[in-house]
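*Asks:* just need the structure, nothing else, for what follows:
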Amino acid sequence: MDDLALTIGCFRYDTTQALFDGTTSVQGVDTTVETAATLPDIFERVIRGSGLDIAELGLTFYLRLLEAGTPLIALPVFPNRVFRHSCVYVNTGSGIAEPADLAGRTIGEFGTYGQDSGVWAKGILMDEHDFRPERSRWIIGGLEHPSPPFDFIPHPHPANVDITTAPAGRTLNDMLDSGEIDALFSANVPQCVLDGSPNAARLFPDFEPLERDYHRRTGIFPIMHTVVARRDLLATHPDLARRVYDAFTTAKNVAANRYRAHRRLYQVQSMVPWTNALVEHNHEQFPDDWWPYGISANRKTLDTALRYHYDQGLTQRRWQVDEVFEPTLLNT
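*Replies:* Coordinates of the predicted model:
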């Protein structure tokens, strides 16, 4: 493969940093790794075929494309995973104190109805609190900057869910702060919350114990994003999928080993107070691997995500895990 050159697009996480700094790369391939200012910028590039051969892509974005037909195939690499009790925000004057209070309310969501954090938050609330998205009204828009819904993906949703677009010139952050929306499902913390506005707060202020309990009970660490590759590229180079998988896995393990070293080199690699206490706490709950890649270690989490997509009307049928990933990596 010495004559093969690839461009990879992904965000610069601890799990991918080794790809950016050259600590690891795709074996036998001239690899260029690029990022962007925002994740949707990366998603749009790979979906539009703008110079990326392999790229990080939101799982819900991929599933929408898969149903519509796509030249991309997913690899079981998951660089972005986040627990999602923390992503539901409410206007403090709305009277919303618990999930049941979301019924009949107006809720904002960034970019599309059913982006990754929203799918997981809705699904968890549906499983554990009898939440039903169709009982609420949904407004789609930009979080901190006015923007229309993403125009590079399909926007499926059930006919019985009331979905509209944010008014021109308005942001979901401002609408939450002013009370024009009662709640917001957002992967990013809205600026009004960061600024300490008395008008906005999390639905679950003490979210960490809830998320840890959810993980202990279910074994699920929600997967937000996967990595996709061009199908034609993998067809031409049959062992490339494994090489890409190995490169991302090595990069993830470099980050994991760095955190493990924190347990010995107390507060040497980070000056954030009590970093070691968090690493020790996490080690108790994730003793082996905080972020496993591959199918076998993630089958339950992936199957839950696919169920949520179907239950929320984002796919027309219930996809199975082995249908949506590169066949040569199903044994991982």
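
*Asks:* gap between the residue nearest to the spatial centre of the chain and residue 3?
*Replies:* Residue closest to the mean C-alpha point of the chain, counted by Cα atoms, centre = their mean, is residue 224 at 2.2 Å. Distance, residue 224 to residue 3, using Cβ to Cβ, to the nearest Å: 35 Å. C-betas here are computed from N, CA, C, even on glycine.

*Asks:* check the burial of residue 114 by counting its neighbours.
*Replies:* 29 (other Cβ atoms under 10 Å).

*Asks:* which residue is the nearest non-sequential neighbour of it?
*Replies:* Nearest residue to residue 114 in three dimensions, chain neighbours excluded: residue 314, at 4.8 Å (Cβ to Cβ, 6 or more residues apart in numbering).

*Asks:* my guess is that neighbour meets residue 119, correct?
*Replies:* Yes: Residue 314 is within contact range of residue 119, at 7.1 Å (criterion: Cβ atoms under 8 Å).

*Asks:* compare these two (neighbour count), which wins?
*Replies:* More crowded of residue 314 and residue 119, by other Cβ under 10 Å: residue 119, with 25 against 21.

*Asks:* name the element that one belongs to?
*Replies:* helix 116-129 (DSSP states H and E).

*Asks:* show me where the stretch 151-300 of the chain has its strands.
*Replies:* Assigned strands in the stretch 151-300 of the chain, in chain order: 162-165, 183-185, 200-202, 225-230 (criterion: DSSP state E, counting those that start in this stretch).

*Asks:* domain ranges for the chain?
*Replies:* 5-81+223-329, 85-218 (automatic domain parsing).

*Asks:* now the terminal residues of the last one, how far apart.
*Replies:* Meaning domain 85-218. 14 Å (Cα to Cα, to the nearest Å).

*Asks:* ok, now stretch 292-307?
*Replies:* 21 Å.

*Asks:* just stretch 90-103 next, same as before
*Replies:* Rule used - Cα to Cα; the end-to-end distance of stretch 90-103 is 13 Å.

*Asks:* buried sites along that stretch?
*Replies:* For stretch 90-103, the neighbour count (16 or more other Cβ atoms under 10 Å) marks 90-91, 94, 96, 99, 102 as buried.

*Asks:* got JSON lines for the strands of the stretch 151-300 of the chain, with mean pLDDT, mean neighbour count and distance to residue 107 too?
*Replies:* Shown next, in JSON lines, are the strands of the stretch 151-300 of the chain (pLDDT from 0 to 100; neighbours: other Cβ atoms under 10 Å; distance: least, Cβ to Cβ, whole Å):
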{"stretch": "strand 162-165", "mean pLDDT": "98", "mean neighbour count": "13", "distance to residue 107": "10"}
{"stretch": "strand 183-185", "mean pLDDT": "98", "mean neighbour count": "26", "distance to residue 107": "5"}
{"stretch": "strand 200-202", "mean pLDDT": "98", "mean neighbour count": "19", "distance to residue 107": "13"}
{"stretch": "strand 225-230", "mean pLDDT": "98", "mean neighbour count": "25", "distance to residue 107": "23"}
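
*Asks:* so can I have JSON lines of these showing distance to residue 150?
*Replies:* Shown next, in JSON lines, are these (distance: least, Cβ to Cβ, whole Å):
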{"stretch": "strand 162-165", "distance to residue 150": "12"}
{"stretch": "strand 183-185", "distance to residue 150": "16"}
{"stretch": "strand 200-202", "distance to residue 150": "24"}
{"stretch": "strand 225-230", "distance to residue 150": "15"}
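
*Asks:* rewinding a little: ok, which pair from the buried residues of stretch 90-103 is furthest apart?
*Replies:* 91 and 99 (15.3 Å; Cβ to Cβ).

*Asks:* which residue ranges of the stretch 151-300 of the chain form helices?
*Replies:* 172-178, 191-194, 207-218, 231-236, 240-262, 275-285, 299-311 (DSSP state H, counting those that start in this stretch).

*Asks:* most packed of the ones you listed?
*Replies:* Of all the helices of the stretch 151-300 of the chain, helix 172-178 has the most neighbours on average by mean count of other Cβ atoms under 10 Å, namely a mean of 23.

*Asks:* tell me the helices and strands packed up against that one.
*Replies:* strand 88-91, strand 106-110, strand 137-141, strand 183-185, helix 191-194 (3 or more Cβ pairs under 8 Å, 6 or more residues apart in numbering; DSSP states H and E).

*Asks:* least trustworthy helix or strand in this structure by mean pLDDT?
*Replies:* Lowest by mean pLDDT, DSSP states H and E among the helices and strands of the chain is helix 275-285, with a mean of 88.

*Asks:* alpha carbons only: can I get that helix in PDB?
*Replies:* Presented in PDB, the C-alpha positions along helix 275-285 are these (Å, rounded to 0.1, in the frame of the first residue of the first chain):
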ATOM      1  CA  THR A 275      -7.600  14.800  38.400                       C
ATOM      2  CA  ASN A 276      -6.200  11.700  40.100                       C
ATOM      3  CA  ALA A 277      -9.300  11.300  42.200                       C
ATOM      4  CA  LEU A 278     -11.400  11.200  39.100                       C
ATOM      5  CA  VAL A 279      -9.100   8.700  37.400                       C
ATOM      6  CA  GLU A 280      -9.200   6.500  40.500                       C
ATOM      7  CA  HIS A 281     -13.000   6.700  40.700                       C
ATOM      8  CA  ASN A 282     -13.300   5.800  37.000                       C
ATOM      9  CA  HIS A 283     -10.800   2.900  37.400                       C
ATOM     10  CA  GLU A 284     -13.200   1.400  39.900                       C
ATOM     11  CA  GLN A 285     -16.100   1.500  37.400                       C
END
